[in-house]
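> test case, fold it:
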Amino acid sequence: MKRRTFLLAGAAATLPLRALANTEPVIKVLKTPTCGCCTAWVDHVRQAGFAVEVQDVDQDALYAFKDRLQIAPELAGCHTAVVGDYFIEGHVPAADITRLLAEQPMARGLTVPRMPMSSPGMGGPGAGDAFDTLLVGSDGATSVFASHS
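Residues are numbered from 1 along each chain as shown. Next comes the predicted model:
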């Protein structure tokens, strides 16, 4: 075995299997092209280590996508994403997405309805009131998944 091959093989053995397999889930985001807070939220989830694919669409296409996912208007945010079998609606913190993917509850997704000023991509911590991330069950019912102050 050549020295270089040996060193590369040894380095690969120390990497986590997830890094070798490149199986990190990709968050696919639909947003309007002019929404700055959506772009800031995308930056937030990228900084948390997620791979993100963004598709800019017009508002009609975004609402049609929300309808296809059966996201009730009162649960809507300004952008919609999917990761694995879940939707992520609005300014959901990356830590909540990580927890969702780790726990894999029987649910349709997570939402932070409306646009709370203290949520990621908006004003940041201390910029507004506390908010909840809601888990949307298979039947559309919601429960508090995480509370943020």
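
> which parts of this structure are strands?
Applying DSSP state E to the chain gives strands spanning 26-31, 51-56, 80-83, 86-90, 107-112, 131-137, 142-148.

> could you dump the ones you listed to JSON lines with mean pLDDT?
Formatted as JSON lines, the strands of the chain follow (pLDDT from 0 to 100):
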{"stretch": "strand 26-31", "mean pLDDT": "97"}
{"stretch": "strand 51-56", "mean pLDDT": "97"}
{"stretch": "strand 80-83", "mean pLDDT": "98"}
{"stretch": "strand 86-90", "mean pLDDT": "98"}
{"stretch": "strand 107-112", "mean pLDDT": "98"}
{"stretch": "strand 131-137", "mean pLDDT": "97"}
{"stretch": "strand 142-148", "mean pLDDT": "97"}
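
> verify the stated contact: F145 with E103.
No: counting by Cβ atoms under 8 Å, F145 does not reach E103; the two are 9.4 Å apart. Where C-beta positions appear, they are placed from N, C-alpha and C, glycine not excepted.

> which one of the two has more residues nearby?
F145 (21 against 10; other Cβ atoms under 10 Å).

> distance of the more buried one from G36?
Per Cβ to Cβ, to the nearest Å, F145 is found 26 Å from G36.

> do L69 as well
Distance from L69 to G36, by Cβ to Cβ: 24 Å.

> so the two - more neighbours on which side?
Neighbour count, other Cβ under 10 Å: between L69 and G36, L69 has more, with 15 against 8.

> residue contacts, the residue nearest to the more buried one when sequence neighbours are not counted?
Excluding the flanking residues, the one nearest L69 by Cβ to Cβ, 6 or more residues apart in numbering is F87, at 5.0 Å. Contacts for F87 (Cβ atoms under 8 Å, 6 or more residues apart in numbering) come out as L69, I71, T80, A81, R108, G109, L110, T111, V136.

> adding distance to M122, write the strands of the chain out as a markdown table.
Output for the strands of the chain, formatted as a markdown table (distance: least, Cβ to Cβ, whole Å):
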| stretch | distance to M122 |
| --- | --- |
| strand 26-31 | 14 |
| strand 51-56 | 18 |
| strand 80-83 | 16 |
| strand 86-90 | 10 |
| strand 107-112 | 10 |
| strand 131-137 | 10 |
| strand 142-148 | 12 |
